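>>> Fold the following and give me the result.
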Amino acid sequence: MGKRSYWLLKTEPKEWSWEDQRSNGGISQWDGVKNRQALNNMKAMRKGDRCFFYHSGPSDRRIVGVVEVTRPWYATAGEEGAVDLRELGEMRRPVHLKDIKAEAAMKGFALLRQPRLSVVPVPEGIWERLCEMGGGFADDEEPAEEEED
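The predicted model follows:
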């Protein structure tokens, strides 16, 4: 398997929320994307890629969790398609859009450059910084504690 890529997936909570994602064992089909550029981003996803789950909408825009691609792009109906995702964990602290905008390291990040795009690539350095800002996510790999003899 090649190098893992990182993405950000936007959804309005009233359409598909983090709670919806967590139901059904955390497995879902991500579909309904119409924008050509967002579709191309989805088509570039590979099994094992990780995605931030981002609540969009009129207020409280924020990263709330992390999911992993379990099945790359496949056709559904007509020219539409989907990827399958599995919940990895909830952010320990949601990362709000206002805080992302305040970070100098985020300059040029597609989320800020193309705010209407629903699927955007996340460079590895930005992924790491956003994870740090959110305190990591539940179930991420943490260093094992040393056992005492």
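>>> Spit out the contact partners of the closest residue in space to residue 76 that isn't next to it in sequence.
In space, residue 76 comes closest to residue 82 once its chain neighbours are excluded; the distance is 5.3 Å by C-beta to C-beta, 6 or more residues apart in numbering. All C-beta atoms are positioned from the backbone trio N, CA, C, and that covers glycine. Residues near residue 82 by C-beta atoms under 8 Å, 6 or more residues apart in numbering: 29-31, 42, 73-74, 76.
>>> Of the residues you listed, which is the most crowded?
In terms of neighbours by other C-beta atoms under 10 Å, these top out with residue 30 at 24 neighbours.
>>> mind checking how far it is from residue 127?
Remark: distance between residue 30 and residue 127 (C-beta to C-beta, to the nearest Å) = 18 Å.
>>> ok, now which ones touch residue 14?
Residue 14 neighbours (C-beta under 8 Å, 6+ apart): residue 57.
>>> Return the backbone torsion pair for it.
phi -70, psi -20 (degrees, to the nearest 10).
>>> May I see the contacts of residue 82 organised as CSV, with distance to residue 49, pLDDT and secondary structure added?
Formatted as CSV, the contacts of residue 82 follow (distance: C-beta to C-beta, whole Å; pLDDT from 0 to 100; DSSP: H, G, I helix; E, B strand; the rest coil):
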residue, distance to residue 49, pLDDT, secondary structure
29, 16, 93, strand
30, 12, 93, strand
31, 16, 92, coil
42, 10, 96, helix
73, 11, 95, strand
74, 15, 95, strand
76, 19, 89, coil
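>>> What is the nearest of the residues you listed to residue 132?
For the contacts of residue 82, the closest approach to residue 132 (C-beta to C-beta) belongs to residue 30, at 25.4 Å.
>>> For the closest one, name its beta-bridge partners.
Beta-bridge partners of residue 30, counted by DSSP bridges, are residue 83.
>>> isn't it right up against residue 85?
Yes: Residue 30 lies in contact with residue 85 (C-beta atoms under 8 Å); the separation is 5.3 Å.
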